[in-house]
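In: got a sequence here, can you model it:
(one chain, ligands or ions: 1)
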Amino acid sequence: MQRPEVLIVGAGPAGLTAGIYAARSGHRTLILEKGLPGGQVTFTPEVENYPGFAEPVAAMELAQAMEEQARRHGCEIETIEAIRLRTGDGEIELETSGPTLRPRGLIIASGAQPRELGIKGERELRGRGVSYCAVCDGPLFRGKEVAVVGGGDSALDEALYLAGLCSRVYVIHRRDEFRAAMMTQERVRRTENIRLVLSSVVTAITGTEKLDSIEVTDRKDGSKTVLSVSGLFIYVGSAPNTGWCQGVVDTDEAGFVRTDSLLRTNVPGVFAAGDVRATPLRQIATAVGDGALAAMTCHRYLTERP
Ligand code: NAP
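Out: Okay, the predicted model is just below:
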């Protein structure tokens, strides 16, 4: 592996787009990815709000096309995990699960991962009824009753997907109002086998070998209900994948990387793009826009420092 000029951590839509733009600008570009290219896109079945596709596009297909496009433009993509970022004296050094890399520019596009509810039973029963990915695990619950927690786009999109497989889907949300897109909310309300459980939170997850039931507490009157569900799908937002660069780049209180409007971090030569960034909107379209801008800002930085 030659020394990359531009190193990108993360091969989701932001990282792959940054790769396309950096490689097309003539830089030797390497993208590191610890899992599968595509990032969180691959957790969802279909995408219907990414421009260019009049009909919903299979998320996996979209991710694979982005990966192929990046490779066609000359990006290398390696299955390597970023471990620790070090900077100083104008140098960038990344310790990885493979070689230690010293690029001239670095783009942080390591995305985010599902946040946990943080209640007892959640970790113990993960993979045995508790899940964060309906596309991955939904088919295991065909014909069964499941619950989804959350009121954002992820929760409602995945509830609709699960409603096509499961006999009943409870959507448990801590408020009376959802924050998901209105069109999605309307589809959820029209779906017969989705039952809304509003102003309520999950207070216990029980089961030994596998999930047996959940306890739901009504926040208005404090009453408790036990729902016998085989699956619990948790969609309560995300946490940034920044363990490897923590303490080196500035982040907000939740750990998302702060940037200026050109996507520069506080460290010269280090940029950030996509869901990992402190940003008001996390969409494939915004990640792609970020990737292009971060790569071009990085390109300008490198050409000004031959
Ligand atoms: P999100 O928009 O942050 O929503 C998280 C949901 O979880 C909120 O409804 C929140 O409730 C709830 N929540 C948070 N902590 C909780 C807790 N401890 N207990 C119970 N509920 C809790 O996250 P997201 O749905 O994953 O979406 C992330 C971003 O991706 C958003 O910008 C979203 O629009 C985007 N996205 C878009 C699409 C699409 O366009 N089709 C699909 C997926 C994601 P409150 O509402 O009360 O805060």
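
In: can you report phi and psi for the residue of the stretch 1-150 of the chain found nearest the ligand?
Out: Taking C-beta to the nearest ligand atom, the ligand has its nearest neighbour within the stretch 1-150 of the chain at residue 150, 3.7 Å off. (C-beta placed from N, C-alpha, C; glycine too.) The phi/psi pair for residue 150 (degrees, to the nearest 10) reads phi 130, psi 160.

In: surely it meets residue 235?
Out: Yes: with contact defined as C-beta atoms under 8 Å, residue 150 counts as touching residue 235 (3.7 Å).

In: which residues touch the residue of the stretch 1-150 of the chain closest to the ligand?
Out: When contacts are counted by C-beta atoms under 8 Å, 6 or more residues apart in numbering, residue 150 is found next to 173, 234-237.

In: same thing with residue 288?
Out: Neighbours of residue 288 in contact, by C-beta under 8 Å, 6+ apart: 13-14, 17.

In: residues near the residue of the stretch 101-250 of the chain found nearest the ligand, how many?
Out: Per C-beta to the nearest ligand atom, residue 152 is where the stretch 101-250 of the chain lies closest to the ligand, at 2.4 Å. Burial measure for residue 152: 17 neighbouring residues, criterion other C-beta atoms under 10 Å.

In: right, and it touches residue 181 too?
Out: No: between residue 152 and residue 181 no contact is recorded; they are 9.5 Å apart, counting by C-beta under 8 Å.

In: quick check: closest non-adjacent residue to residue 305.
Out: Among residues not flanking residue 305 along the chain, residue 104 sits closest, at 7.8 Å (C-beta to C-beta, 6 or more residues apart in numbering).

In: thinking that neighbour is in contact with residue 6, fair?
Out: Yes: contact criterion C-beta under 8 Å: residue 104 and residue 6 qualify, at 7.2 Å.

In: report the buried residues of the longest helix seen in the chain.
Out: With secondary structure taken from DSSP state H, the chain has its longest helix at helix 284-304. Buried residues in helix 284-304, counted by 16 or more other C-beta atoms under 10 Å: 284, 286-299, 301-302.

In: with stretch 31-38 instead?
Out: Within stretch 31-38, the residues that count as buried by 16+ other C-beta under 10 Å are 31-34, 37-38.

In: can you check stretch 47-65 too?
Out: 47, 50, 59-60, 62-63.

In: can you name the residues in contact with that stretch?
Out: With C-beta under 8 Å, 6+ apart as the test, stretch 47-65 has contacts from 13, 36-39, 41-46, 135, 283-285.

In: redo that, cut-off 10 Å
Out: 11-13, 16, 36-46, 135, 153, 157, 181, 183-184, 283-285, 288 (C-beta atoms under 10 Å, 6 or more residues apart in numbering).

In: can you flag the buried ones in those?
Out: Those of the contacts of stretch 47-65 that meet the buried threshold are 11-13, 16, 37-46, 135, 153, 157, 184, 283-284, 288, by 16+ other C-beta under 10 Å.

In: can you tell me which of those residues are in strands?
Out: Those of the buried ones among the contacts of stretch 47-65 mapping onto strands are residue 46, per DSSP state E.

In: pLDDT below threshold where in this protein?
Out: 1 (pLDDT under 70).

In: residues from it in reach of the ligand?
Out: 49, 117, 149-155, 157, 174-175, 179, 201, 235-238, 281-283 (C-beta under 6 Å from any ligand atom).

In: in TSV: the buried residues of stretch 47-65, plus secondary structure.
Out: Putting the buried residues of stretch 47-65 into TSV (DSSP: H, G, I helix; E, B strand; the rest coil) gives the following:
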residue	secondary structure
47	strand
50	coil
59	helix
60	helix
62	helix
63	helix
